[in-house]
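[1] Sequence and predicted structure below; questions after.
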Number of protein chains: 2
Amino acid sequence: MDATREFAAALAAAVRRVRSPVMVGLDPQFEQLPEELQAAGQDLAARATACERFCKHVIDATASLVAAVKPQVACFEQLGPAGMAALKAVIEHAHAAGLLVVADGKRNDIGHTAAAYARAWLGRSSPWGADALTVNPYLGEESLQPFVQAAVAAGAGIFVLVKTSNPGGGQFQDLAASLLVAKGGEASPAQCLYEHVAQMVERLAAQTAGQTGYGQVGAVVGATWPAQLAELREAMPHAWLLVPGYGGQGAGAADVAAAFDERGLGALINNARGLIYAFRQRPYSERFGPGRWEQAIEAATREMIAALRASTAAGRL
Amino acid sequence: MDATREFAAALAAAVRRVRSPVMVGLDPQFEQLPEELQAAGQDLAARATACERFCKHVIDATASLVAAVKPQVACFEQLGPAGMAALKAVIEHAHAAGLLVVADGKRNDIGHTAAAYARAWLGRSSPWGADALTVNPYLGEESLQPFVQAAVAAGAGIFVLVKTSNPGGGQFQDLAASLLVAKGGEASPAQCLYEHVAQMVERLAAQTAGQTGYGQVGAVVGATWPAQLAELREAMPHAWLLVPGYGGQGAGAADVAAAFDERGLGALINNARGLIYAFRQRPYSERFGPGRWEQAIEAATREMIAALRASTAAGRL
């Protein structure tokens, strides 16, 4: 595999360049934007323009500090066609700033439709131009194959939902499941559904592993479940972990320490609200005031990086 | 609940009006369009325009025969922002033609992001204006609650993936799962994952049931699994079933008979490729030739309706 066209290698290089595993979650919500950006109007087109401008400023404030951004597609989709055009412009701005872009769309469908999503999102020549996409495993490995093939061909990656960060995520993900029982045979030792999904992810990651030892298929594992995060790091040695839940959802640096390998690689720690709305939160709101919101975002990002470097293997980057 | 703002009631009324449970799947793929529509160019904007024109013609050819259309969001998303603008225009055209629109996006995410998807899609005043949206259950009932609340408030509906039509869909959906085992207690009789999901759907459907006995939460159950379709009809008496897999994926009228209640309600039978590309398939390609592709689509739709009326309770509509 050509190193310049391998997502996992590009990700490792980007993380090492900035010495930081932080991913900035771009979750623009119009009502949360700085007031100066809300002033241009309330209709969908005006909201889309405001969200686009905001995300571009966030990118400019953090591009030298982080490896990647994760635009949340839902935040743009809720603004209709104008919002989707804004998303495209934000992705292009992030690339121009030297960042990798993981589109958080949690997409999937059956075969030929999955292929359409893969064509839509994966790789810089695709219509949306993302470097990676989050995908949902409910439809099985067969439904993920078009994504894997498109990712490898385009130098892109996918992150499969394994253990999500929401409080109710365990309802199905933690169900103990045995394939043998389903086939009418003897019960094998029960594994949780998320462990079955993790086994599939590890297989796909190992099959697509490149020069860094990591594959082009990674996993989403929430920081809100530290014990399972450690277990899943071990179960998926070839998979980059995309770890949401830091900051706004309550997890801290100690909670994500187990996500890293000994080199400080293998984990991207996402923070959206805790960074991009730092200007609304103490101590940043007091230190910077409403007018210096970009500086507040930069300061919060620097402090998150420092906390991770102090408490995790990211300090060895 | 106001009958004019209740999705399940509107669906029953639409199905009864046309005496047909057929849903036309709008899965436009540029390479499959009639050649006259491919002639305007190959770039994304030209492809989006061609797909929009095609879908509008399909709607015009079938609007008097069917209750609803199901645009496949991936087919539009793969054309970038221009494709998403085309999708919006197609949805508006379907509404103007008197059809209900189920956006097939298979969306979901954690709480506040799920709410953004719900705001994006659900209800005619939403940015995309769909009457219903397909959603994925992997993140648990908590993640579906924002959709349920938005649907009820907007007179819209959701269809939760339960048992998908693809050959590999059973990899996780058919895993035998016991919640008690997961909690360290005694094993309860093992149910498949899809049965656990179905129990949740039935609960949500019953909670939102309106005047027809059906709720605003339905289920996607593939026609390619007739035995499970019968089982799931029984397990979810309050849920409309959206049944893909007819036609292009190989299922026929007999395979979907169990999806209906005794009134001929409760099931929408989707067919995309078998209808919209009928002009490429015998006997329609021979009967109509390449120039009369809209007539081929209409004829295939009429024949699917006749087959369903002959072999299922849809004959009682």
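    Everything's here; your move.
[2] Can you check what pLDDT the model gives A:Gly185?
    At A:Gly185, the pLDDT value in this model is 51.
[3] Spit out the contact partners of the closest residue to A:Gly315 other than its chain neighbours.
    Once flanking residues are discounted, A:Gly315 sits nearest to A:Arg309: 4.3 Å by Cβ to Cβ, 6 or more residues apart in numbering or on different chains. From N, CA and C alone the C-beta is placed, and that goes for glycine too. For A:Arg309, the contact set (Cβ atoms under 8 Å, 6 or more residues apart in numbering or on different chains) comprises A:Arg19, A:Ser20, A:Gly315, A:Leu317.
[4] What residues sit buried inside stretch A:235-254?
    A:235-236, A:238-249, A:251, A:253 (16 or more other Cβ atoms under 10 Å in any protein chain shown).
[5] Inside helices: which ones of those residues?
    Using DSSP state H, the members of these that fall in helices are A:Ala235, A:Ala253.
[6] out of the buried residues of stretch A:235-254, which are inside strands?
    A:Leu241, A:Leu242, A:Val243 (DSSP state E).
[7] Could you single out the nearest of those residues to B:Phe260?
    B:Phe260 has its nearest neighbour among those in A:Leu242, at 42.7 Å by Cβ to Cβ.
[8] And chain B, is stretch A:209-226 touching that?
    No - on the criterion Cβ under 8 Å from any Cβ of the partner chain, stretch A:209-226 is out of touch with chain B, staying 8.6 Å away.
[9] Mean confidence (pLDDT) on that stretch, please.
    pLDDT averaged over stretch A:209-226 gives 96.
[10] And for stretch A:92-102?
    Mean predicted lDDT for stretch A:92-102 stands at 98.
[11] end-to-end on that stretch?
    In stretch A:92-102, first residue to last residue: 12 Å (Cα to Cα, to the nearest Å).
[12] and it, which residues are buried?
    Buried residues in stretch A:92-102, counting neighbours by 16+ other Cβ under 10 Å, are found at A:His93, A:Ala94, A:His95, A:Leu99, A:Leu100, A:Val101, A:Val102.
[13] Show me the residues you listed that map onto strands.
    Per DSSP E, strands hold the following members of these: A:Leu100, A:Val101, A:Val102.
[14] that's a strand at A:Val24, yeah?
    Yes - when DSSP: H, G, I helix; E, B strand; the rest coil is applied, A:Val24 is found to be in a strand.
[15] Kindly tell me how buried it is, as a neighbour count.
    29 (other Cβ atoms under 10 Å in any protein chain shown).
[16] Out of the buried residues of stretch A:235-254, which are close to chain B?
    Among these, proximity to chain B is found for A:Pro244 (Cβ under 8 Å from any Cβ).
[17] biggest separation within the buried residues of stretch A:235-254, which pair?
    Based on Cβ to Cβ, the longest span within those runs between A:His238 and A:Gly248 and measures 29.4 Å.
[18] Spit out the contact partners of the nearest residue to A:Asn166 once chain neighbours are set aside.
    Excluding its sequence neighbours, the residue lying closest to A:Asn166 (Cβ to Cβ, 6+ apart) is B:Ile110, at 3.8 Å. Counting by Cβ under 8 Å, 6+ apart, B:Ile110 makes contact with A:Thr164, A:Ser165, A:Asn166, A:Gly169, A:Pro244, B:Leu139, B:Ser143.
[19] Let me see the contact set for A:Arg233.
    Going by Cβ under 8 Å, 6+ apart, A:Arg233 touches A:Leu241, A:Ala258, A:Ala259, A:Phe260, A:Asp261, A:Gly266, A:Ala267.
[20] try it again with 7 Å
    Counting by Cβ atoms under 7 Å, 6 or more residues apart in numbering or on different chains, A:Arg233 touches A:Leu241, A:Ala258, A:Ala259.
[21] Any idea which helix or strand in chain A has the lowest mean pLDDT?
    helix A:179-182 (a mean of 50; mean pLDDT, DSSP states H and E).
[22] next helix or strand past it?
    Note on helix A:179-182: by DSSP states H and E, the next helix or strand toward the C-terminus is strand A:191-192.
[23] in its sheet, what does that next one sit against?
    strand A:176-178 (antiparallel) (DSSP bridges).
[24] Residue of the stretch 151-300 of chain A closest to chain B, please.
    A:Gly168 (2.7 Å; Cβ to the nearest Cβ).
[25] before we move on, which element is the closest residue to that residue other than its chain neighbours in?
    What sits nearest to A:Gly168 in space, not counting adjacent residues and going by Cβ to Cβ, 6+ apart, is B:Glu142, at 2.7 Å. B:Glu142 is part of helix B:141-154, with elements assigned from DSSP H and E.
[26] With just CA atoms, put stretch A:267-286 into CSV.
    Extracted as CSV, the C-alpha positions of stretch A:267-286 are listed here (Å, rounded to 0.1, in the frame of the first residue of the first chain):
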residue,chain,number,x,y,z
ALA,A,267,-6.6,6.6,19.7
LEU,A,268,-8.2,9.8,18.6
ILE,A,269,-9.9,11.6,21.5
ASN,A,270,-12.8,13.6,20.3
ASN,A,271,-14.2,16.6,22.1
ALA,A,272,-16.9,18.8,20.6
ARG,A,273,-18.9,20.9,23.0
GLY,A,274,-16.0,21.1,25.5
LEU,A,275,-13.8,22.8,22.9
ILE,A,276,-16.0,24.6,20.4
TYR,A,277,-18.2,26.2,23.0
ALA,A,278,-15.4,26.8,25.5
PHE,A,279,-16.2,30.5,25.3
ARG,A,280,-19.6,29.8,27.0
GLN,A,281,-17.9,27.8,29.9
ARG,A,282,-15.9,28.7,32.9
PRO,A,283,-13.0,29.4,33.3
TYR,A,284,-12.8,30.4,29.6
SER,A,285,-15.8,32.6,29.6
GLU,A,286,-14.3,34.7,32.4
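[27] What mean pLDDT does it get?
    96.
[28] Quick one: distance of the helix or strand containing A:Gly218 to the chain centre.
    Of the helices and strands defined by DSSP H and E, A:Gly218 is found in strand A:217-221. With Cα atoms, centre = their mean, to the nearest Å as the basis, strand A:217-221 stands 9 Å off its chain's centre.
[29] which residues are in contact with that strand?
    Contacts for strand A:217-221 (Cβ under 7 Å, 6+ apart): A:134, A:148, A:157-164, A:198, A:201, A:204-205, A:208, A:229, A:232, A:236, A:239-244.
[30] change it to 8 Å
    Under Cβ under 8 Å, 6+ apart, the answer for strand A:217-221 is A:8, A:132, A:134, A:144, A:148, A:151, A:157-164, A:198, A:201, A:204-205, A:208, A:228-229, A:232, A:236, A:239-244, A:259.
[31] tell me which element the residue nearest to A:Gly315 falls in.
    Per DSSP H and E: A:Arg309 is located in helix A:293-311.
[32] pLDDT below threshold where in chain A?
    Applying pLDDT under 70 to chain A flags the ranges A:1-4, A:178-189.
[33] what's the span of stretch A:89-109, first residue to last?
    Termini of stretch A:89-109 sit 26 Å apart (Cα to Cα).
[34] That stretch and chain B in contact?
    Yes - judged by Cβ under 8 Å from any Cβ, stretch A:89-109 and chain B are in contact via A:Asp104, A:Lys106, A:Arg107, A:Asn108, A:Asp109.
[35] ok, the second one - how many residues close by?
    Neighbourhood size, A:Lys106 [other Cβ under 10 Å]: 28.
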